[in-house]
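> Any chance you could fold what I've pasted below:
(chains A, B and C)
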Amino acid sequence: MSIGFACLTLGLYDYQFRTVMAKNANKETLYEVINHNLTILDKMIDYCAENKIYMYRISSDLIPFGSSPINQLPWESLFQEKFISIGKKIIENRIRVSLHPGQYTVLNSFKEDVVDRAILDLIYHNKILDLLKIDSTHKIILHIGGAYQNKQAAIQNFENNYKRLNPDIQSRLVIENDDKIYTIEEVLQIGEKCQIPVVYDNLHNQINPSFPLQSDKEWIERCARTWKPKDGKQKTHYSQQAKGKKSGSHSFTIDIETFLQYYRSTNSHHQFDIMLEVKDKNLSAIKCNQAVFDYFSITDLEKEWAKYKYLVLERSPNIYQAIRLLLQSKKEYPVVAFYSLLEEAFAVRLQTSVVCNSLEHVWGYFKDKATLTEKKKFFSMLEKYKTGIIKLQQIKRYLFRLATSYQITYLLQSYYFEEDFIN
DNA sequence: CACCGTCAAGTCGCA
DNA sequence: TGCGACTTGACGGTG
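Have a look, this model is predicted:
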């Protein structure tokens, strides 16, 4: 089984997808953006393989306006070879990919034009998988849609419109319970009736539950029966509620203890795949994979530690020391303790004096190389940060520029400059 | 260069 | 009946 992440990465340099606004969507711009996005996708697949992450959701934004007449570029033929080579890489590395049309793709609408656009959008998503030349174990995940004050009629509408889809699309389509309208019981009834595999989403079920209540394990077991051999391994979605945020918001990271509890209570025989929905994306995917699979070792923890260390030092020198100690014995594999300590560190509020201490540590990489001007600039920024004139982001951006110009690989490969960690 | 409004989709809930 | 919220990250104009 596999544990994967969705669409984007954190802490990696130059892995950003580009988008285009409708008014700028001319052929030249579209060509450049699609070409760029396919290059990024190719790098993402490499990244997954290198990190032993065997599941990845491809962003629907891969081809801007991919299902809209705004995009008049014959991108399928123009980029055919690029798709094929990425597809080969996906197969060679045994990575399972998926696609997830957004909330605005509504197959069960009572407005014919909305349904037409939904079908075009599913054709677009299917086309990506076709161009990659990968089979029907690589799925397209869809929600049922609106309720329109008459759920039974709306469900019937979904079923009717599903039957209008091309069998190729049907063979790849799977349906999922959502956080507002369709519960897992309702989605299962549709899936069982129409032979559509069902993806169980634990958080959606938590906030939009089906009565009588059943355990995650029970729902997952019932969903399992909707998955046929041609569909590949059963897929599920897993996320945790962000504390203090509104219901349904995904947590920043996956709490490893909570995850393992869920994992052990549901997936002890490795019978299904898990797509994580979490803000820190690839980082939680690495964490959960390392916590579950025996093909990781202390060396892999050390590699992750190298990337996290200055983020930990800038929050808690005590936890920094504790992790150093923890990883000293090369015979153990203290994966849960390691990630629990990381989580503990990220819960610590930034304190200016501690942050400055770590900034000076990082400055250590430059102090023999930097020019006098650069040195002056850094220490003047440090003073401005101490007095609250500038933000941490600004001084880190400066250090990132230095790391780039002096090619300090160790820093450039770390998560230290990732701005999503600063809040 | 930092900051923040805008974009793009369909449904639903609240004036 | 109409309009804002919902959602998301990147774009792109402003200061």
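> what's the burial count for whatever residue of the stretch 51-200 of chain A ends up closest to DNA strand C?
Of all residues in the stretch 51-200 of chain A, A:Gln103 sits closest to DNA strand C, at 6.8 Å by CB to the nearest atom of the strand. For every residue, glycine as well, the C-beta is placed using N, CA and C. A count of nearby residues for A:Gln103, using other CB atoms under 10 Å, gives 9.
> Name the nearest residue to it, sequence neighbours excluded.
Spatial nearest neighbour of A:Gln103, chain neighbours left out: A:His143 (6.9 Å); criterion: CB to CB, 6 or more residues apart in numbering.
> ok, back up a step: using the three-state scheme, assign the residue of the stretch 51-200 of chain A closest to DNA strand C.
coil (DSSP: H, G, I helix; E, B strand; the rest coil).
> where does it fall, phi/psi-wise?
Dihedral pair for A:Gln103: phi -70, psi -10, per degrees, to the nearest 10.
> Report the buried residues of stretch A:25-37.
For stretch A:25-37, burial by neighbour count (16 or more other CB atoms under 10 Å) applies to A:Ala25, A:Leu30, A:Val33, A:Ile34, A:Asn37.
> Am I right that the second one is in a helix?
Yes. With three-state DSSP as the criterion, A:Leu30 is part of a helix.
> Check whether it really touches A:Leu78, as I assumed.
No. Counting by CB atoms under 8 Å, A:Leu30 stays clear of A:Leu78, with 9.8 Å between them.
> A:Phe379: neighbouring residues, count only.
Number of residues near A:Phe379 (other CB under 10 Å) recorded here: 12.
> Using just helix, strand and coil, how would you label it?
What three-state DSSP gives for A:Phe379 is helix.
> residues from the stretch 51-200 of chain A in reach of DNA strand B?
Residues of the stretch 51-200 of chain A lying close to DNA strand B (CB under 7 Å from any atom of the strand) are A:68, A:102-104, A:106, A:109-111, A:113-114, A:117, A:145-148, A:180-181.
> can you check the stretch 251-400 of chain A too?
Residues of the stretch 251-400 of chain A lying near DNA strand B (CB under 7 Å from any atom of the strand): A:Lys391, A:Gln393, A:Gln394, A:Arg397.
> Could I get the full set of helices for the stretch 251-400 of chain A?
A:256-266, A:281-292, A:298-313, A:317-326, A:335-346, A:352-363, A:372-386, A:392-405 (DSSP state H, counting those that start in this stretch).
> right, so of the ones you listed, which gets closest to DNA strand C?
Among those, helix A:281-292 sits nearest to DNA strand C (CB to the nearest atom of the strand), with 8.1 Å.
> ok, and does the closest one reach over to DNA strand C?
No. Judged by CB under 7 Å from any atom of the strand, helix A:281-292 and DNA strand C are separated, with a smallest distance of 8.1 Å.
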